[in-house]
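Q: What follows is a predicted structure for the sequence shown.
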Amino acid sequence: MNKIIVIGASTLFLAGCGASASIDMDTSMAFNQAQTTEAQLKLIVDGETVLPSLPPFFSGDKVYVPAKVLMEYYSSEQQWDNATKTLTISDGSSRYVLKPGNEYMQGDGYQNALGGPGILRNGNFYIPTDAINSLSGADVKLNASRSEVSITSGDVSTTVRTPSEPLAIATENDQVKLYTALKNGDIYEGFVVEVNGNKHTFNWEAPRLLGYTPEIHYADIDQDGQEEVVVILWLGTGTGMSMQELHVIKPNQWKEMNVPSADKAVSAFVTSKISNEKGDALIQIQVKGSTPSMVTMRYPDRGEDGNLGEKAGIGAVTYYMVEEGKLKAETNVYIGFLESIGTLTFSYKSGNDGMEPESIRFEPHEEYASYVVGKQL
């Protein structure tokens, strides 16, 4: 694996801090100025045209882009030394030196191949597109008509741009969209919510998980006559765990509503008890509120299992959804080491201070249904 990616977020190309500086180069020193008969190429970064005055070009079979494009992904400084004919890229703690004609970049005690010689053209330093992926993790594509070079942030990229393509669009209204404000490696740092062309940034963070895309919805979930924006982010998945995070916004004020997470919302309404009943584990789940109920389960030969504890846990697996204009949630009930025995489901309703749960229901998982010895409604 390329060394720059391996050495991690403290290096320049994985850094997300520091101020950008312009490049001051001697335009009279044009090294190996490549010529092309192709029409002028466009440079597209995360769906947006950038650096139109510095178009990419062909040199032989290789496409070159300005080194300045790295500043579209990383807050860094680029300084040109006309005496030594070198370009230094730094973030204050690491520095990398590129020189026209060299097919490598000099780092701190090592060299990194660029995939072709650096080129000084019209006073600006260019690098082969082959180097973009190895330096930043970004993906580069030349379209079929050979008119556009498109660069898309990769998992190890730290883009300082807001991509033009949304992460999610509300099924209820296609003018309600969710963007990432900053992609920092495998983390979304901040989000942008758009409603009917108006945008607002929120400083939520969430991991970038393959196959687990954030969701956005638009519905009047508190029944006040105005729609709210509901954003559902994935926090992580794993053995016995699957977690989402919920945000609800009043778009006319860009104010976030007080909506407790599913596990916290039901904690005041659900009590449990685990006891040893003749060698079996007796598990009681009691739900209070407007629709009270109790489920009693007898788990054979588990009464002496000290790992079960004295009461069940809530919330290792949590999901949110918007259905028929209502915000709904489900969160699991578990015993021992995240052994899920059933699910609590409910809808949110408007309360005195934000949203609160209503109609909480506990249902044992199918494989535990035979352990149920009593239900009280």
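A: Nice, I can see it.
Q: can you pull out the strands in the stretch 1-150 of the chain?
A: 42-45, 48-49, 57-59, 62-66, 77-81, 86-90, 95-98, 104-106, 111-113, 119-121, 124-128, 139-142, 148-152 (DSSP state E, counting those that start in this stretch).
Q: could these go into a markdown table alongside distance to residue 259 and mean pLDDT?
A: C-beta coordinates here come from the backbone N, C-alpha and C atoms, glycine included. A markdown table is the format used below for the strands of the stretch 1-150 of the chain (distance: least, Cβ to Cβ, whole Å; pLDDT from 0 to 100):
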| stretch | distance to residue 259 | mean pLDDT |
| --- | --- | --- |
| strand 42-45 | 36 | 92 |
| strand 48-49 | 34 | 85 |
| strand 57-59 | 52 | 94 |
| strand 62-66 | 45 | 95 |
| strand 77-81 | 43 | 90 |
| strand 86-90 | 44 | 89 |
| strand 95-98 | 46 | 88 |
| strand 104-106 | 49 | 89 |
| strand 111-113 | 48 | 86 |
| strand 119-121 | 55 | 95 |
| strand 124-128 | 48 | 95 |
| strand 139-142 | 37 | 91 |
| strand 148-152 | 34 | 91 |
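Q: Turn those into TSV, including mean neighbour count and distance to residue 255.
A: Conversion of the strands of the stretch 1-150 of the chain to TSV gives the following (neighbours: other Cβ atoms under 10 Å; distance: least, Cβ to Cβ, whole Å):
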stretch	mean neighbour count	distance to residue 255
strand 42-45	19	33
strand 48-49	12	30
strand 57-59	18	49
strand 62-66	22	42
strand 77-81	18	38
strand 86-90	19	41
strand 95-98	19	44
strand 104-106	19	47
strand 111-113	14	48
strand 119-121	22	51
strand 124-128	23	45
strand 139-142	15	38
strand 148-152	19	34
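Q: got those strands as JSON lines, with distance to residue 169 columns?
A: Shown next, in JSON lines, are these (distance: least, Cβ to Cβ, whole Å):
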{"stretch": "strand 42-45", "distance to residue 169": "21"}
{"stretch": "strand 48-49", "distance to residue 169": "18"}
{"stretch": "strand 57-59", "distance to residue 169": "36"}
{"stretch": "strand 62-66", "distance to residue 169": "30"}
{"stretch": "strand 77-81", "distance to residue 169": "36"}
{"stretch": "strand 86-90", "distance to residue 169": "37"}
{"stretch": "strand 95-98", "distance to residue 169": "39"}
{"stretch": "strand 104-106", "distance to residue 169": "40"}
{"stretch": "strand 111-113", "distance to residue 169": "39"}
{"stretch": "strand 119-121", "distance to residue 169": "40"}
{"stretch": "strand 124-128", "distance to residue 169": "35"}
{"stretch": "strand 139-142", "distance to residue 169": "23"}
{"stretch": "strand 148-152", "distance to residue 169": "19"}
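Q: Among those strands, which comes closest to residue 193?
A: Residue 193 sits nearest to strand 48-49 of all the strands of the stretch 1-150 of the chain, at 19.1 Å, using Cβ to Cβ.
Q: on that earlier part again, nearest to residue 221, of the strands of the stretch 1-150 of the chain?
A: Closest among the strands of the stretch 1-150 of the chain, once you apply Cβ to Cβ, is strand 48-49, at 33.4 Å.
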